[in-house]
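In: This is the structure alone, sequence omitted:
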C-alpha cells in the first residue's frame with residue numbers, strides 16, 4: 001500500500017470519528033441547552049450552511065495551498081470550532097458564531113475528500129477506491145458513535161467531553177494530512193469559473209444539496225422531537241449505519257464502476273421517494289411504535305444513500321475537459337448546492353411550523369423526482385462508451 005494512501009486512510013479514520021461524535025450529540029446538545037422550536041432549528045441551518053456557499057471563495061483565497069494542505073486547514077478549523085462550541089457558548093449567538101467556524105472546515109473538506117481519493121485510485125477503479133475510503137469512514141463513525149453511546153450511558157460523559165474528544169481527533173487528522181506529499185496548486189481564477197459543459201453536473205449538485213438538507217436538518221429532528229428519542233438512539237442509528245456501510249460502500253463503488261453513474265444516481269432518486277414517504281407519513285398508516293421503526297429504517301437507508309455523492313464526483317471526473325478542472329468544479333458544486341440547501345432549510349422550517357413535519361418530506365419526495373429526471377439525462381463522450389455498461 002503506498003505511503004500516501006496509508007496516511008490518508010489513517011486521517012480518514014480520525015476525521016470520521018470526529019464527525020461522528022459531533023453528529024451523534026449535536027441535536028441533543030441544542031435541545032438540552034437552548035430548547036429550540038422546529039422553526040428555530042431550521043433557521044440555525046443558515047449559519048451552519050453559509051460556509052458551504054462561501055467555500056468556493058475560501059478555496060480561491062487559499063489557492064496557494066494544494067488540496068492536501070487545504071485539508072489540513074479544514075481539520076484545524078473543525079478542531080477549533082468543536083472546542084469553542086463546547087466551552088464558549090454561553091449564549092445562542094455565541095454558539096452560532098463558533099458553529100460557523102466548525103462548519104467552514106467541514107465544507108472546505110467536502111470536495112477534497114473526493115479529489116484526494118480519486119488521486120489515490122487506479123484507472124478504472126475510482127469507484128472502488130472511493131467506496132473503500134467511505135467504508136473506512138463508516139468504521140470510524142461506528143467507533144465514534146459507540147464512544148458516545150457507551151460514554152453517556154455508563155461513564156457519565158457530558159457534551160463537554162465529547163467536544164474535546166472530537167477536537168483531538170481533528171488535530172490527529174490534520175497532522176496525518178500534513179505528512180502527505182503536497183501536489184500541484186490551481187490558479188484562483190479557476191476556482192471561480194463556471195463551465196457551460198458541466199451544467200448537468202451543477203444541476204445534479206443543486207438537487208443533491210436540496211435533498212441532503214432534509215436529512216441533515218429534519219430527519220434527526222423528527223426522531224428527537226416527534227418520537228422523543230435520547231442521544232443514545234441517534235448514536236445507535238449512526239453505529240448501525242456505519243456497520244452496514246462497511247459492506248455497502250465498497251459495493252456502491254463497485255456498482256458505479258461497472259453499472260455507471262446514471263443507473264446508480266437514478267436508483268438513488270427512486271429510493272429517496274420511498275424514504276421521504278416513510279419519514280412523513282408512516283405515522284398515519286401504522287401504530288406509533290411501528291412508525292418509529294419505519295423512521296429508523298428510513299434514517300439508515302438515507303444515511304447509506306448520502307454516499308451516492310461519490311458517483312457525482314466520478315461523473316465530473318469523466319466529463320472534465322482538463323484534469324485541473326476537477327477539484328475547482330467539485331468545490332464550485334458545493335457552493336452552488338448550498339444556495340439551494342439553505343433555502344430548503346428555511347422553507348422546510350416554515351412548512352413544518354405551518355402545516356406539520358409530514359409536508360417537509362412531501363417536498364423531499366418532489367425533489368427526489370427532479371433528481372431522477374436529471375440523472376436520466378447523463379451521457380458521456382463517445383470515447384467513454386466503449387462498454388455497454390459505461391452509462
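Out: Perfect, I can see it now. What you are looking at is a predicted structure, and each value in this text was computed from that prediction instead of being measured.

In: Once you drop chain neighbours, what's closest to residue 139?
Out: residue 246 (5.8 Å; CB to CB, 6 or more residues apart in numbering). Every C-beta, even on glycine, is put in place using the N, C-alpha and C of the backbone.

In: ok, now residue 13?
Out: Closest to residue 13 by CB to CB, 6+ apart is residue 140, at 4.5 Å.

In: So for the host helix or strand of the one you found, what gets flagged as buried?
Out: For residue 140, the host element (DSSP states H and E) is helix 126-150. Neighbour-count burial for helix 126-150 flags 126-149 (criterion: 16 or more other CB atoms under 10 Å).

In: Tell me how far residue 273 lies from residue 371.
Out: Residue 273 sits 9 Å away from residue 371, going by CB to CB, to the nearest Å.

In: Which one's more surrounded, these two?
Out: residue 371 (24 against 17; other CB atoms under 10 Å).

In: Report all helices and strands that the helix or strand where the more buried one lies contacts.
Out: Following DSSP H and E, one finds residue 371 within helix 357-375. Contacts defined by 3 or more CB pairs under 8 Å, 6 or more residues apart in numbering; DSSP states H and E place helix 357-375 against helix 199-213, helix 261-285, helix 326-355.

In: can you tell which of the ones you listed is closest to residue 296?
Out: Among the helices and strands packed on helix 357-375, the nearest to residue 296 by CB to CB is helix 261-285 (9.8 Å).

In: The closest one versus helix 199-213: what angle between them?
Out: Per axes from the mean of the first three to the mean of the last three CA atoms, to 10 degrees, the angle that helix 261-285 makes with helix 199-213 is 30 degrees.

In: next structured bit after helix 261-285?
Out: Trace forward from helix 261-285 with DSSP H and E and the next one is helix 288-305.

In: Averaged pLDDT, that next one. What do you get?
Out: Helix 288-305 shows a mean pLDDT of 85.

In: Now do the next helix or strand after that helix, average pLDDT.
Out: The helix or strand immediately downstream of helix 288-305 is helix 309-319, counting by DSSP H and E. For helix 309-319, mean pLDDT rounds to 85.

In: Run a quick neighbour tally on residue 266.
Out: 19.

In: Name the nearest residue to residue 15, ignoring sequence neighbours.
Out: Using CB to CB, 6+ apart, the closest residue to residue 15 is residue 173 (4.1 Å).

In: and the angle for the helix or strand harbouring that neighbour with helix 126-150?
Out: Under the criterion of DSSP H and E, residue 173 resides in helix 159-178. Following the same axes, to 10 degrees, one obtains 150 degrees for the angle between helix 159-178 and helix 126-150.

In: next one: helix 159-178 to chain centre, how far?
Out: 18 Å (CA atoms, centre = their mean, to the nearest Å).

In: Contacts for it next, please.
Out: 7-8, 10-12, 14-15, 17-19, 21-22, 24-25, 29, 32-33, 68-69, 71-72, 75-76, 78-80, 82-83, 85-87, 105, 144, 147-148, 151 (CB atoms under 8 Å, 6 or more residues apart in numbering).

In: Buried residues in it, which are they?
Out: So for helix 159-178, counting by 16+ other CB under 10 Å, buried means 159, 161-174, 176-178.

In: residues contacting the most centrally placed residue in the chain?
Out: The centroid of the chain falls nearest to residue 306 when counting by CA atoms, centre = their mean (6.6 Å). Neighbour list for residue 306: 212, 215 [criterion: CB under 8 Å, 6+ apart].

In: can you check residue 107 too?
Out: Neighbours of residue 107 in contact, by CB under 8 Å, 6+ apart: 51-52, 55, 334, 338.
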